[in-house]
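Enquirer: Just the structure for this:
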Amino acid sequence: MKQNNQYNKSVELIEAMENVLGYAPGFRAIHAGGRFYHGVFKATDIAKTYSKAIHLQGDEIPVTVRFSKGGTDPDSFFGPTLGMATRFYLPNGVSMNTVMLNMKLFFANSPEQLLKLLEAGMPLGEGAGPNLEGIKKFASENANVGYALNLVSEREGPVSFANTAFWAHHTFLYRNEDNKVVPARSSWIPVSGVLGRPAAELAAESIDVLYIELEERLAHEKIMFDLVLELAEPNDPIDDPSAPWPADRKTVVIGRLTISERADEKAFTDPIMNHDPTQLTEGIETTDDPVLHARRGVYEASVAKRTGGWKGTTGGCPFGHG
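Expert: Coordinates of the predicted model:
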């Protein structure tokens, strides 16, 4: 496997996102608005044939799920983009994460291309919104970016978190007990089906409408998602999250997530809840995808910024300099 620099462009990417989308101190650099929920995950019988990962062996695994809305302002609506970050609390005392969005592909094939896309969208003046013409021009010059943005533009707005499909974008390597490795992309598919509505209709609603709907639903029923693997064929690109695969790729359901109630964040032993998508467990491995590896650095830099880093701790510098 190639060496990947997890801090490649991490600070520059965060600053560019803030310059384009805005910045809310103390919140995540992106998907600032979100709520947590409790649930359990149980793998299907076939899951262990693909991976020896401990949560894929059939036992019930407790999870937390953070449903989020796009953007950097937790108090505003930002289009129809939603996120679903899931943390699995494994019986060996460690945890692993999955991070997914309600769009099938990512916008860029590298940190460098993503940074150029953000630079193209820089506002042209103080108080101005993103430079949409600059983004369109960049997309016209970069086919993969244009393809991903077109998919987003054609997407309906969500009706409910519970009726939204989420995709991980990145390919991971699933290794079973026989050391057989299968590259696959994963997704959460709602058991109650995917429903949509015009994005403009959603924009006219309260910024909390999707959370209100979800919690009213949870008051009388549980919400379920199937974890689905899309299996790569030999020539499918596995290091590029912006590259589509043919629609006929085999899929397999490897587990079901059941969400039961809203979580009390004040009770979390880990209040930061950094959902680093490279925090995995034995039986699931990363590819050489440069965007995936850079995300670890971006997430860590974002955590440091929203929490004050070591400068924000009462102990000061851990090396005795302040």
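
Enquirer: make it CA atoms for all contacts and neighbour counts henceforth
Expert: Will do.

Enquirer: Tell me which other helices or strands the host helix or strand of residue 38 touches.
Expert: Using DSSP states H and E, residue 38 sits in strand 33-43. Secondary-structure packing of strand 33-43 (3 or more CA pairs under 8 Å, 6 or more residues apart in numbering; DSSP states H and E): strand 60-69, strand 251-262.

Enquirer: what about the helices in the stretch 51-200 of the chain?
Expert: 111-120, 132-141, 143-154, 199-203 (DSSP state H, counting those that start in this stretch).

Enquirer: for the helices and strands packed on strand 33-43, which one sits closest to residue 277?
Expert: strand 60-69 (13.4 Å; CA to CA).

Enquirer: which residues sit against the closest one?
Expert: 31-43, 55, 77-78, 80-91, 161, 263 (CA atoms under 8 Å, 6 or more residues apart in numbering).

Enquirer: Most tightly packed of the helices and strands packed on strand 33-43?
Expert: strand 60-69 (a mean of 22; mean count of other CA atoms under 10 Å).

Enquirer: and the angle for that strand with strand 33-43?
Expert: 150 degrees (axes from the mean of the first three to the mean of the last three CA atoms, to 10 degrees).

Enquirer: Could you spell out the sheet neighbours of strand 60-69, each with its direction?
Expert: Strand pairing for strand 60-69, using DSSP bridges, gives strand 33-43 (antiparallel), strand 82-89 (antiparallel).

Enquirer: what mean pLDDT does the first one have?
Expert: Right, the one you point to is strand 33-43. Averaging pLDDT along strand 33-43 gives 92.

Enquirer: which residues sit against it?
Expert: With CA under 8 Å, 6+ apart, strand 33-43 has contacts from 55-75, 211, 254-265.

Enquirer: burial count for the closest residue in space to residue 291 that isn't next to it in sequence?
Expert: Spatially, and ignoring its direct neighbours in sequence, residue 291 is nearest to residue 110 (5.2 Å; CA to CA, 6 or more residues apart in numbering). By other CA atoms under 10 Å, the residues close to residue 110 number 20.

Enquirer: Now a ChimeraX select for only the buried ones of the contacts of strand 60-69.
Expert: Entered in ChimeraX, the line below selects the buried ones among these, by 16 or more other CA atoms under 10 Å:
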select :31,32,33,34,36,37,38,39,40,41,42,43,55,77,78,80,81,82,83,84,85,86,87,88,89,90,161,263
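
Enquirer: among the helices and strands packed on strand 33-43, which is nearest residue 10?
Expert: strand 60-69 (21.4 Å).

Enquirer: Can you check what angle separates the closest one from strand 251-262?
Expert: 80 degrees.

Enquirer: Okay, now the unreliable bits of the stretch 201-322 of the chain?
Expert: The stretch 201-322 of the chain contains residues with pLDDT under 70 at 270-274, 299, 301-322.

Enquirer: how about the strands of the chain, start to end?
Expert: Under the criterion DSSP state E, strands of the chain are mapped to 33-43, 60-69, 82-89, 95-101, 157-158, 166-175, 181-190, 196-197, 223-231, 251-262, 284-286.

Enquirer: out of those strands, nearest to residue 15?
Expert: strand 33-43 (18.6 Å).

Enquirer: and the angle from the closest one to strand 223-231?
Expert: 70 degrees.

Enquirer: Export the helices of the stretch 51-200 of the chain as CSV, with columns for distance to residue 171 and mean neighbour count.
Expert: Converted to CSV, the helices of the stretch 51-200 of the chain look like this (distance: least, CA to CA, whole Å; neighbours: other CA atoms under 10 Å):
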stretch, distance to residue 171, mean neighbour count
helix 111-120, 16, 19
helix 132-141, 23, 16
helix 143-154, 16, 17
helix 199-203, 29, 15
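
Enquirer: Mean pLDDT lowest where, among those?
Expert: Among the helices of the stretch 51-200 of the chain, helix 199-203 scores lowest, at a mean of 78.

Enquirer: So which other helices or strands are in contact with that helix?
Expert: Right, helix 199-203 is packed against strand 157-158 by 3+ CA pairs under 8 Å, 6+ apart.

Enquirer: residues in contact with residue 55?
Expert: For residue 55, counting by CA under 8 Å, 6+ apart, the contacting residues are 41-43, 61, 88, 90.

Enquirer: can you rerun that using 7 Å?
Expert: 61, 90 (CA atoms under 7 Å, 6 or more residues apart in numbering).

Enquirer: before we move on, the earlier item: I'd like the strands paired with strand 60-69 written out as TSV, with distance to residue 51 added.
Expert: Formatted as TSV, those follow (distance: least, CA to CA, whole Å):
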stretch	distance to residue 51
strand 33-43	11
strand 82-89	15
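
Enquirer: Looking at those strands, spot the one closest to residue 114.
Expert: strand 82-89 (18.7 Å).

Enquirer: Extract the C-alpha set from the closest one and format it as CSV.
Expert: The C-alpha trace of strand 82-89 is given here as CSV (Å, rounded to 0.1, in the frame of the first residue of the first chain):
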residue,chain,number,x,y,z
LEU,A,82,-27.6,15.1,4.9
GLY,A,83,-25.1,13.1,6.8
MET,A,84,-25.2,9.8,8.8
ALA,A,85,-22.2,9.1,11.0
THR,A,86,-22.4,5.8,12.9
ARG,A,87,-20.2,4.6,15.7
PHE,A,88,-20.0,0.9,16.6
TYR,A,89,-19.1,0.1,20.2
